[in-house]
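>>> have a look; sequence and predicted model below, questions after that.
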Amino acid sequence: NELIASRVMDVLGIPHVTYKLIYAKIMIDGKEQETWLSVSENFRKDNEEKLAYDLYYDLQKEGNESPLEFAIRNGWGLYMCQMFCIDYLIANRDRHGSNLEVLRNNEEDSVRMAPLFDQGVSLLFSTYGDEKLLEDVDVMRDFPVNNYIGARSLEYNLSLIPKGYDLQIHALKEEDRAYIFRGIKNILSERHMNKIWEMLWKRWCYFEQIRNKKE
C-alpha cells in the first residue's frame, strides 16, 4: 500500500515520502521469516526535530480555531487540501494526529510540514491473502476513518477544499496504471491489482466530477 500510494502521489505531483520495497529475512520471536518490507529515506533535515501535528496544534493554537483553521493560518492550506484528495483516492483510514508531523528547526527558526507519509491502512489492506473478500468490496464506500483534521468521512472532507481552489496536481490517467503497478505482479494477484485500480479510477472520476460541478 505504501508503494502504491507513493506512486499515485508521484503521478499527481503531491509531495510525499517515497517508499520502495525490499525482500528481506527477519526474525520474530527467534524465528526467521521472509517478507516484503517498506522502506524510505529520512525526510528530516539536519537540526530538525519532529512534533506530532496534534501536539503542535495544542501548543500553538489560537482561541477556538480548528486543526484545519490552524493549518491555514500557518500557510499549510494547500498541503491539507492535497491530503484530503489523496486520502479520498486511496481510502486512507488512519490519518491520526501523529501521522502528520511538523518539522521544526530552532536554529533557523523555521517550521514546515513533513511530506505525507504512513498510508498503509488504505486501499484493500484488509483483503490481502483472502481474494474471496474482494467480491464484497464496494470501492466507492465512504469508509469510516480515524482523521484528526476534517471529519471521519473522506467524502465529506472533499467538501472542505474550497470551490475553484488550485490544488496544483496533475490528472490521473488510465495509462498511469502501468507505472503504479510496475514490478509488483509477484506480490499482488491480478485480481487485487484490478480491484485497486478500480478503486483509484472510480474515486478519481468522482473527485473530478464534484470538483467540476457548477453551483
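That came through fine. Residues are numbered from 1 along each chain as shown.
>>> what's the strand or helix carrying residue 78 packed up against?
For residue 78, the host element (DSSP states H and E) is helix 77-90. If you count contacts as 3 or more Cβ pairs under 8 Å, 6 or more residues apart in numbering; DSSP states H and E, helix 77-90 packs onto helix 2-12, helix 67-73, helix 154-158, helix 190-212. From N, CA and C alone the C-beta is placed, and that goes for glycine too.
>>> and residue 29, how many residues sit next to it?
When counting by other Cβ atoms under 10 Å, one arrives at 5 neighbours for residue 29.
>>> cool, residue 96 as well?
Count around residue 96 with other Cβ under 10 Å applied: 17.
>>> need the contact list for it.
54, 146, 147, 148 (Cβ atoms under 8 Å, 6 or more residues apart in numbering).
>>> so which of those is the closest to residue 169?
For the contacts of residue 96, the closest approach to residue 169 (Cβ to Cβ) belongs to residue 147, at 19.9 Å.
>>> just how off-centre is the helix holding residue 78 within its chain?
7 Å (Cα atoms, centre = their mean, to the nearest Å).
>>> and what of stretch 134-141?
Distance, centroid of stretch 134-141 to centroid of chain: 19 Å (Cα atoms, centre = their mean).
>>> in that stretch, which residues are buried?
Neighbour-count burial for stretch 134-141 flags 134, 137, 139 (criterion: 16 or more other Cβ atoms under 10 Å).
>>> for that stretch, give me every contacting residue.
91, 124, 127, 191, 192, 195, 198, 199, 202, 203, 206.
>>> farthest residue from the center of the protein?
For the chain, the residue at maximal distance from the C-alpha centroid (Cα atoms, centre = their mean) is residue 30, at 33.6 Å.
>>> per-residue pLDDT, it?
The score at residue 30 is 93. That number is its pLDDT.
>>> which of the buried residues of stretch 134-141 lies closest to residue 169?
For the buried residues of stretch 134-141, the nearest to residue 169 is residue 139 (20.7 Å; Cβ to Cβ).
>>> sec struct for residue 146, please.
coil (DSSP: H, G, I helix; E, B strand; the rest coil).
>>> tell me, how many residues neighbour residue 3?
20.
>>> so how far is residue 87 from it?
17 Å (Cβ to Cβ, to the nearest Å).
>>> again, but for residue 159
Relative to residue 87, and taking Cβ to Cβ, residue 159 is found at 14 Å.
>>> residue 64 now?
Distance from residue 64 to residue 87, by Cβ to Cβ: 25 Å.
>>> what's the answer for residue 68, then?
In terms of Cβ to Cβ, residue 68 sits 13 Å off from residue 87.
>>> so where's this structure uncertain?
129, 214-215 (pLDDT under 70).
>>> follow-up on the earlier one: now the contacts of residue 96 as CSV including distance to residue 181?
Output for the contacts of residue 96, formatted as CSV (distance: Cβ to Cβ, whole Å):
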residue, distance to residue 181
54, 34
146, 27
147, 27
148, 30
